[in-house]
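>>> return atomic coordinates for the entry below.
(3 chains)
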Amino acid sequence: MQKTGMAVTGDEIDEETELAPSHMTAATGDMPTYQIRAPPTALPQGVVVAASPGSLHSPQQLAEEATRKRELRLMKNREAAKECRRRKKEYVKCLESRVAVLEVQNKKLIEELETLKDICSPKTD
DNA sequence: TGGGGCTCCCGTCATAAAGG
DNA sequence: CCTTTATGACGGGAGCCCCA
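Next up is the predicted model:
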């Protein structure tokens, strides 16, 4: 298992392409969401689709069906959690690089301001 | 070198929100 | 109203680093 420190890259960011958690509602203003409704996906490998519930009778069969449903739900949620974390990581990375870009931009503006101040300030002699 | 702290990743549960 | 999906919260395992 690899562990790498978060490196802020100087990658360029597409303005307004960031995604924000849909949970964080209006408070964040125009932050777009990073939640993307997944299209109906095919069942991951290993999932056995049982016969229709209509054909079940005995308590044992019902219990098996319940167990199967639970396992299916857990598996789907497991995948959903992975995907969710992946998106969130990407989102955070995106924010971090944006911060880096804005910091550089800010520094440049401050320098420019200082230059202009120098130029415009009345000569005190 | 053993142990504690830190960080990362994972699985599960609870729940809000969306959709039918 | 019920089901499904996304996500926050929580707890646990594992790797890495540092220190006594």
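>>> A:K88 and A:T115: what is the separation?
From A:K88 across to A:T115, the span is 41 Å (C-beta to C-beta, to the nearest Å). Placement of C-beta: from N, CA and C, glycine included.
>>> what about those two, which has more around it?
A:K88 (13 against 10; other C-beta atoms under 10 Å).
>>> in chain A, what residue lies closest to DNA strand B?
Going by C-beta to the nearest atom of the strand, DNA strand B is nearest to A:A81 of chain A, at 3.7 Å.
>>> which helix or strand contains that residue?
Element membership of A:A81, judged by DSSP states H and E, is helix A:59-120.
>>> what number of residues lie near the residue of chain A closest to DNA strand B?
10.
>>> which residues touch it?
Residues in contact with A:A81 (C-beta atoms under 8 Å, 6 or more residues apart in numbering): none are found.
>>> same check, this time on A:L113
Contacts of A:L113 (C-beta under 8 Å, 6+ apart): none.
>>> how close does it sit to A:R98?
22 Å.
>>> equivalent analysis for A:C120, please.
A:C120 is 32 Å from A:R98, where distance means C-beta to C-beta.
>>> between the two, which has more neighbouring residues?
When neighbours are counted by other C-beta under 10 Å, A:C120 and A:R98 differ, and A:R98 comes out ahead with 18 against 7.
>>> need the pLDDT of the more buried one.
For A:R98, the pLDDT comes out at 92.
>>> quick one: it from A:A63, how far?
In terms of C-beta to C-beta, A:R98 sits 52 Å off from A:A63.
>>> looks to me like A:H57 is in a strand.
No - counting by DSSP: H, G, I helix; E, B strand; the rest coil, A:H57 is located in no strand; its state is coil.
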